[in-house]
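**Q** I'd like to go over a predicted model; first the sequence, then the structure.
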Amino acid sequence: MFNTNDFIFTSETTPEVTTDLTGCAHQVEELIGIADAVNVTDSPNCTSRLNSLLVASEIKRSGLDVILQLTGRDRNQIALESVLLGALSVGINKVLCLSGDQPGKNGPAVVNEFNGNGLIKLCKVISGGTLSDGTVIKNPLPIYPGAADDLYTQISKPDALDKLVAKISKGAGFVQTQYCFDYDIIKKYSDKLNEQGSFNDCKVIIGMGPLKSAKQGDWMRKNLWGVNISDEILQRLEDSVSPAETGEEICQELIEKIMDLPCIDGVHLMGPSCEKSSARIISRFK
């Protein structure tokens, strides 16, 4: 997937609170043959879900490539290494390395032995054929770790680009960003990456998503880290007679504008129950 010059389209699915593995994996059915890969989230917002690696494995069997999201929030080194070995054993070799949403004051206990940077380095160690303690892995396989980024932080904080470049130097081969629906911000981000010069071998994938209503978008920007949605976008959804269709149109229009920007290699379509709408958006470019 990352060995192509074609524009990349990824989407996202979140496992449910269920014991129905087949039904959970079935949610991405319309993305098969359409998307380049689907992210499987890792207990987002500190909520327990069906195990993400199990869901990712079932999706992989369907023929759709998978990016496994992995957080350092809930697992120590032993557990993380076990997950990575398990992922490789079922053909999943792309991992988005995240620190993870942190719980509130009275939330569950966290581990936080590894943040996103630490997970990237751990992936590179395992790709080298050993565990952290030097134990040799039988039948070692490479892992392609990825990093998260936020365009608004990049634009507003002078040291943000250095931190992203550090992730690339530690081994991150792709970047998926938080939501951005603002072309001007994406253009500034593109220019900044292009001027820096370290992103020729790293795929940068811009996050956005098919919003279903102004109410949904307003909740997301108020409650989810890194989500920026303008009043103009929300007003357009509010005024629409079919806001879900308008949400898809907003993504399509933005994708068309950014496809030729330097250092922008694709889009990541995400959001609650976004699988079908993401497939419709992607199909317009295939």
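**A** Nice, I can see it. Numbering: from 1, shown residues only.

**Q** Kindly state the beta-bridge partners for V136.
**A** Here V136 sits in beta bridges with T130, going by DSSP bridges.

**Q** Also L70?
**A** Beta-bridge partners of L70, as defined by DSSP bridges: C97.

**Q** Pull the contacting residues for it.
**A** Applying C-beta atoms under 8 Å, 6 or more residues apart in numbering, one finds that L70 lies in contact with 42, 52, 80, 83-84, 95-98, 119. In this view, the C-beta of every residue, glycine as well, is placed from N, C-alpha and C.

**Q** okay if I get these as a markdown table plus neighbour count and distance to Y144?
**A** Conversion of the contacts of L70 to a markdown table gives the following (neighbours: other C-beta atoms under 10 Å; distance: C-beta to C-beta, whole Å):
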| residue | neighbour count | distance to Y144 |
| --- | --- | --- |
| D42 | 26 | 17 |
| S52 | 24 | 17 |
| L80 | 24 | 16 |
| V83 | 18 | 15 |
| L84 | 27 | 12 |
| V95 | 25 | 7 |
| L96 | 28 | 10 |
| C97 | 29 | 11 |
| L98 | 22 | 15 |
| L119 | 28 | 13 |
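
**Q** Pick the one among the residues you listed closest to I168.
**A** Closest approach between the contacts of L70 and I168, by C-beta to C-beta: C97, at 12.3 Å.

**Q** Distance-wise, check that closest one relative to D74.
**A** C97 is 14 Å from D74, where distance means C-beta to C-beta, to the nearest Å.

**Q** same question, V90
**A** Distance of V90 to D74, computed by C-beta to C-beta: 20 Å.

**Q** Settle it for me: which of those two has more neighbours?
**A** D74 (18 against 15; other C-beta atoms under 10 Å).

**Q** wait, is that one part of a helix?
**A** No - looking at D74 with DSSP: H, G, I helix; E, B strand; the rest coil, it is coil, so not inside a helix.

**Q** Check which helices and strands the helix or strand harbouring A166 is in contact with.
**A** Using DSSP states H and E, A166 sits within helix 160-170. For helix 160-170, the packing partners by 3 or more C-beta pairs under 8 Å, 6 or more residues apart in numbering; DSSP states H and E come out as helix 116-127, strand 144-149, helix 151-156, strand 174-179, helix 183-196.

**Q** Quick one: closest of those to E248.
**A** For those, distance to E248 was read as C-beta to C-beta. The smallest value, 15.1 Å, belongs to strand 174-179.

**Q** Just the residues contacting that closest one, thanks.
**A** For strand 174-179, using C-beta under 8 Å, 6+ apart, the contacting residues are 2, 10, 39, 67, 94, 96, 144, 146-152, 164, 167-168, 189, 202-209, 220, 225-229, 268, 270.

**Q** Narrow those residues to those that are buried.
**A** The neighbour count (16 or more other C-beta atoms under 10 Å) marks 2, 10, 39, 67, 94, 96, 144, 146-152, 164, 167-168, 189, 202-209, 220, 226-229, 268, 270 as buried among the contacts of strand 174-179.

**Q** Fine, thanks again, bye for now.
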